[in-house]
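> sequence first, predicted coordinates after that:
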Amino acid sequence: MIRRVVRQSKFRHVFGQAVKNDQCYDDIRVSRVTWDSAFCAVNPKFLAIIVEASGGGAFLVLPLQKTGRIDKAYPTVCGHTGPVLDIDWCPHNDHVIASGSEDCTVMVWKIPENGLACALSEPLVVLEGHSKRVGIVSWHPTARDVLLSAGCDNTIMIWNVGTGEPLITLDDMHPDVIFSVCWNRNGSLICTACKDKKVRVIDPRKGKITAEKDKAHEGARPMRAIFLADGNIFTTGFSRMSERQLALWNPKNMDGPISVHEMDTSNGVLLPFYDPDTNVVYLCGKGDSSIRYFEITDEAPYVHYLNTFSSKEPQRGMGYMPKRGLDVNKCEIARFYKLHERKCEPIIMTVPRKSDLFQDDLYPDTAGPDYALEADEWFEGKNGDPILISLKHGYVPGKNRDLKVVKKNVLDNKSPKKVEETSAPQKPASPQLTRKNEVKLEELLREVKSLRDLVTLQDRRIAKLEEQVAKVAI
């Protein structure tokens, strides 16, 4: 008699739970633009959502703790002259976000420490070079100030944001619209999915295609392709019979997939979100009301279905929190920000554990906010793996570095470090030290001010409560 053994996995019992209503973000007019991006980006400090805007394009940036009803007059980031199509937070600075728009530009913005107090219409830098709308923006995972953009002109551009210049332009590799672009773990390669039904692996610095697969999915609807931590490629798309599919590929041999799964006949594009630490892929279909998750392993069938989180409302878009923004005390392994028509609802994925101790098998060291390379080093050919941090005591955000933009119309008066070193070697080190001290002092003063404001607020609240108690006592 053959006994069927259930596959062992610590993620078999992952379950999702939507937060209570008072922890949602309400009364947000989510963008209705017809573009298959996530419309939402999130980091450990801020939540950004592309919203409807008259006479241009805008997105909201909310501090994570600002839940509840969002006032219609709440300030937005509103410098684009056409609808915003994609947004992406910088992985090395939680206050810097990039946006791509129908106005053919990419803009990079600096968000103030406590969020927006008034509308932000002046970007740090405007990146102009695309001749049609820009539908994809993606920061380099390990190099500082390196940003990729892809437009409907079938061109990929890689920018040094610090100088505002495009240093790599790939304009002859895609004959049709690019559906998705993804960096690999150390940012040495990108993989793209295109309307011509091809998945390509590209070395952007050499400007050559290292692998490609024609008709990775035979259906006409949009595909998505992402790199996994081991270098394999995970794709989602549609079969010839319009069934949704997911597939796993080895870029060294793209003749056939390692694994392929048929899912259902819904027509929403599947957006994949990948956790490289646990090797779990979450699939969120646009217009679906569910999130499916799969574990990817070295054993056949390689892609293992885990579970489905289902809800009543369909999703318009989805944000995915980086690992360092999760609550390790609650064994939270993923957090999504689901966009409804008029609100944003956080969904928490947890692995139930009886112990209150830190679960190091769920939280291996993860990519931190420090960059491994300067932009110039990467463009010269160097590679650097992500600098990992431990989440054992929870993630504590460090000091934010300023994004310096050095252009002819200097937005930041300081010249780049290298120029300082070469032009004035005879200067003593003391001015730099005083500048550092000034920055530290400014930070401390900001903290003191915010604490003072908080104390004032609490004083008022206590006074109000005392008044109410007095009335009740009378």
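Nice, I can see it.

> strands along the stretch 101-250 of the chain, start to end?
With strands called from DSSP state E, counting those that start in this stretch, the stretch 101-250 of the chain shows them at 105-110, 125-128, 134-139, 146-151, 156-160, 165-170, 178-183, 190-194, 199-203, 208-213, 224-227, 233-238, 244-249.

> neighbouring strands of the host helix or strand of H261 in the sheet, and parallel or not?
Assessed by DSSP states H and E, H261 sits inside strand 259-262. Its sheet considered, strand 259-262 pairs with strand 244-249 (antiparallel) by DSSP bridges.

> would you put the C-alpha positions of the strand it pairs with in PDB?
Extracted C-alpha coordinates of strand 244-249, given in PDB (Å, rounded to 0.1, in the frame of the first residue of the first chain):
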ATOM      1  CA  ARG A 244      -4.200  32.200 -17.200                       C
ATOM      2  CA  GLN A 245      -0.900  30.400 -16.900                       C
ATOM      3  CA  LEU A 246       2.300  30.600 -14.800                       C
ATOM      4  CA  ALA A 247       5.600  29.200 -15.800                       C
ATOM      5  CA  LEU A 248       9.200  28.700 -14.500                       C
ATOM      6  CA  TRP A 249      12.200  29.100 -16.900                       C
END
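
> what's the angle from it to strand 190-194?
150 degrees (axes from the mean of the first three to the mean of the last three C-alpha atoms, to 10 degrees).

> identify the residue nearest S450 in space, chain neighbours excluded?
Using C-beta to C-beta, 6 or more residues apart in numbering and skipping the chain neighbours, the partner closest in space to S450 is N114 (6.6 Å). Heads up, the C-betas are built off the backbone N, CA and C, glycines and all.

> how many neighbouring residues does the one you found have?
Using other C-beta atoms under 10 Å, the number of residues around N114 comes to 13.

> what do you get for D203?
12.

> show the contacting residues for it.
S188, L189, T210 (C-beta atoms under 8 Å, 6 or more residues apart in numbering).

> across the sheet, point out what pairs with the residue lying closest to the last one once chain neighbours are set aside.
Counting by C-beta to C-beta, 6+ apart, V201 is the residue found nearest to T210 once chain neighbours are left out, at 4.9 Å. For V201, the beta-bridge partners under DSSP bridges are C191, A211.

> which residues touch V201?
L189, I190, C191, I209, T210, A211, E212, I233, P251.

> how about a cut-off of 7 Å?
L189, C191, I209, T210, A211, E212, P251 (C-beta atoms under 7 Å, 6 or more residues apart in numbering).

> is it true that R224 touches A193?
Yes. Look at R224 against A193 with C-beta atoms under 7 Å: they come within range, at 5.8 Å.

> any low-confidence regions in the chain?
By pLDDT under 70, the low-scoring segments of the chain are 1-6, 395-402, 404, 406-436, 473-474.

> that one: helices as residue ranges?
Here the chain has its helices, by DSSP state H, at 375-379, 417-423, 430-473.

> can you tell me which of these is most buried?
helix 375-379 (a mean of 20; mean count of other C-beta atoms under 10 Å).

> and the contacts of it?
H140, A143, R144, D145, V146, N160, G162, L167, G187.

> change it to 8 Å
Taking C-beta under 8 Å, 6+ apart as the rule, helix 375-379 contacts 140, 142-146, 160-162, 167-168, 187, 205, 384.

> again, but for stretch 446-455
E113, N114.

> what's the separation between T105 and S121?
Distance, T105 to S121, using C-beta to C-beta, to the nearest Å: 13 Å.

> more neighbours: which of the two?
It is T105, of T105 and S121, that has more neighbours when counted by other C-beta under 10 Å, with 22 against 14.

> tell me what that one is bridged to.
E128.

> check contacts around it.
H80, V126, L127, E128, H130, V134.

> just checking, the fourth one touches C104?
Read it as E128. Yes. Taking C-beta atoms under 8 Å as the definition, E128 is a contact partner of C104 at 7.4 Å.

> okay, these two: which has more neighbours?
C104 (19 against 11).

> apart from its chain neighbours, what residue comes closest to that one?
Per C-beta to C-beta, 6+ apart, closest to C104 is H130, 4.9 Å.

> count of neighbours near that neighbour?
24.

> that one touches D153, doesn't it?
Yes. Using C-beta under 8 Å, H130 makes contact with D153 at a distance of 5.5 Å.

> so what's K382 up against?
So K382 contacts L373 (C-beta under 8 Å, 6+ apart).

> next one: E262
When contacts are counted by C-beta under 8 Å, 6+ apart, E262 touches S239, E243, R244, Q245.

> same check, this time on E374
A143, R144.

> sorry, back to before: quickly list what's touching both of R224 and A193.
Listed as contacting both R224 and A193 by C-beta under 8 Å, 6+ apart are F179, S180, T235, G237.

> out of the residues you listed, which is nearest to I296?
Comparing the shared contacts of R224 and A193 against I296 with C-beta to C-beta places T235 closest, at 12.5 Å.

> how close does the closest one get to G381?
In this view, T235 and G381 are 28 Å apart by C-beta to C-beta.

> which of those two has more residues huddled nearby?
T235 (24 against 9).

> what residues are up against that one?
Contacts of T235 (C-beta under 8 Å, 6+ apart): A193, V199, A216, H217, M223, R224, A225, I226, L246, A247, L248, W249.

> kindly reformat these as JSON lines and extend each row with distance to P276.
Shown next, in JSON lines, are these (distance: C-beta to C-beta, whole Å):
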{"residue": "A193", "distance to P276": "19"}
{"residue": "V199", "distance to P276": "19"}
{"residue": "A216", "distance to P276": "22"}
{"residue": "H217", "distance to P276": "23"}
{"residue": "M223", "distance to P276": "21"}
{"residue": "R224", "distance to P276": "17"}
{"residue": "A225", "distance to P276": "16"}
{"residue": "I226", "distance to P276": "10"}
{"residue": "L246", "distance to P276": "17"}
{"residue": "A247", "distance to P276": "19"}
{"residue": "L248", "distance to P276": "15"}
{"residue": "W249", "distance to P276": "17"}
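
> list just the nearest of these to D275.
I226 (11.4 Å).

> does that closest one touch P276 like I think?
No. Applying C-beta under 8 Å as the test, I226 and P276 come out as separate, 10.2 Å apart.

> the more surrounded of the two?
Each of I226 and P276 has its neighbours counted (other C-beta under 10 Å); I226 has more, 21 against 17.

> returning to that earlier point: quick check on the contacts of V201: which are buried?
L189, C191, A211, E212, P251 (16 or more other C-beta atoms under 10 Å).

> on that earlier part again, tell me which two of the contacts of V201 sit farthest apart.
The widest separation within the contacts of V201 (C-beta to C-beta) is 12.5 Å, between L189 and E212.

> check contacts around D171.
Contacts of D171 (C-beta under 8 Å, 6+ apart): D153, N154, T155, I156.

> rerun that using 10 Å as the cut-off
Applying C-beta atoms under 10 Å, 6 or more residues apart in numbering, we find D171 in contact with S131, G151, D153, N154, T155, I156, M157.

> could you check how far E113 is from H261?
Applying C-beta to C-beta, the value for E113 to H261 is 45 Å.

> of the contacts of E262 - the most surrounded one?
R244 (24 neighbours).
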